[in-house]
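K.L.:
I would like to see how this sequence folds:
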Amino acid sequence: MTTFYLIRHGKTELNKKTCFQGGGIDSPLLSEGIEQAVKLGQYLSKTTFAAAAVSTQKRAMDTANYILTENQYVNDLTVQYYDELKELGFGEREGIEVDIADQQTNYLRQRPDLYNPSEFHGETYDSLIKRGMSMVERLSTDYPEGNVLIVAHGVLLLVLINYLMGEEKRNWRKNGPLENTSVTVIHKEQGNCILETFNDVSYLEEQLP
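P.N.:
Numbers count the residues shown, from 1 in each chain. The predicted model follows:
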């Protein structure tokens, strides 16, 4: 059984401004985002990982670095970076402020089955799930008995979680959004998935030594 620890990156400047921040743009972590990642690293410091798979976008790579710096068992751990774990691409909307009155923005957030980003050359949900699930299947095959850390992005991870839980396409954004540096834990064995923890940031409230 593979146990996935799915982590969204720390808070960034574009998160704070409520702008589209997809697979074609990056924004540095805020000091708050760095603090979140360090606290998460402390929370997971005694968890051993067989593998760490990280998006090739800087906000995810930096988050992973802060997390793993705190881990006690990283000496033999190889961190691997994958384009397949990049965020959903928003095309010409990258970096602009989110307009919640826009129909496609509403579909993006509420009805993935109706979302059509062709007008602004964005990525489809079908493309996202195809590349994201290719990574999940590869990692579960390569590490069938270990803990696997995945550090990536809010839309990508939420869609993967709902897909793994058997939700139909219209519900792929169910129970979102994911909080920055939230932890979701899923146990996967062949075709069966069990959700242990979802969107957990309770460790941010704890007084860690």
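K.L.:
Now do the same for residue 168: its pLDDT.
P.N.:
Per-residue confidence (pLDDT) for residue 168: 98.
K.L.:
list the contacts for residue 61?
P.N.:
Applying C-beta atoms under 8 Å, 6 or more residues apart in numbering, we find residue 61 in contact with 54, 55, 81, 151. Quick note: C-beta positions are derived from backbone N, CA and C, even for glycine.
K.L.:
Give me the phi and psi for it.
P.N.:
As for residue 61, its main-chain torsions (degrees, to the nearest 10) stand at phi -60, psi -40.
K.L.:
sorry, back to before: nearest to residue 173, of the contacts of residue 61?
P.N.:
residue 55 (18.9 Å; C-beta to C-beta).
K.L.:
so how many other residues sit close to that closest one?
P.N.:
For residue 55, the neighbour count with other C-beta atoms under 10 Å is 26.
K.L.:
partners of it in the sheet?
P.N.:
Beta-bridge partners of residue 55, counted by DSSP bridges, are residue 82.
K.L.:
which of the contacts of residue 61 count as buried?
P.N.:
Buried members of the contacts of residue 61, scored by 16 or more other C-beta atoms under 10 Å, are 54, 55, 151.
K.L.:
in whichever strand or helix holds residue 135, what's buried?
P.N.:
Assigned by DSSP states H and E, residue 135 falls within helix 125-142. Residues of helix 125-142 classed as buried: 125, 128, 129, 131, 132, 135, 136, 139, 140 (neighbour count, 16+ other C-beta under 10 Å).
K.L.:
if I read this right, the fifth one contacts residue 153, doesn't it?
P.N.:
No - in this structure, residue 132 sits apart from residue 153 without contact. The criterion is C-beta atoms under 8 Å, and the distance is 9.9 Å.
K.L.:
residues bridging contact with these two, i.e. touching both?
P.N.:
Common contact partners of residue 132 and residue 153 (C-beta under 8 Å, 6+ apart): residue 85.
K.L.:
any idea where the strands of the protein begin and end?
P.N.:
2-8, 51-55, 79-82, 147-152, 183-189, 192-200 (DSSP state E).
K.L.:
pLDDT averaged over the fourth one - what is it?
P.N.:
The reference is to strand 147-152. Average pLDDT, strand 147-152: 98.
K.L.:
Which pair in the contacts of residue 61 has the greatest spatial separation?
P.N.:
81 and 151 (9.8 Å).
K.L.:
Need the residues touching each of the two.
P.N.:
Each of 53, 54, 55, 61 lies in contact with both residue 81 and residue 151 under the rule C-beta under 8 Å, 6+ apart.
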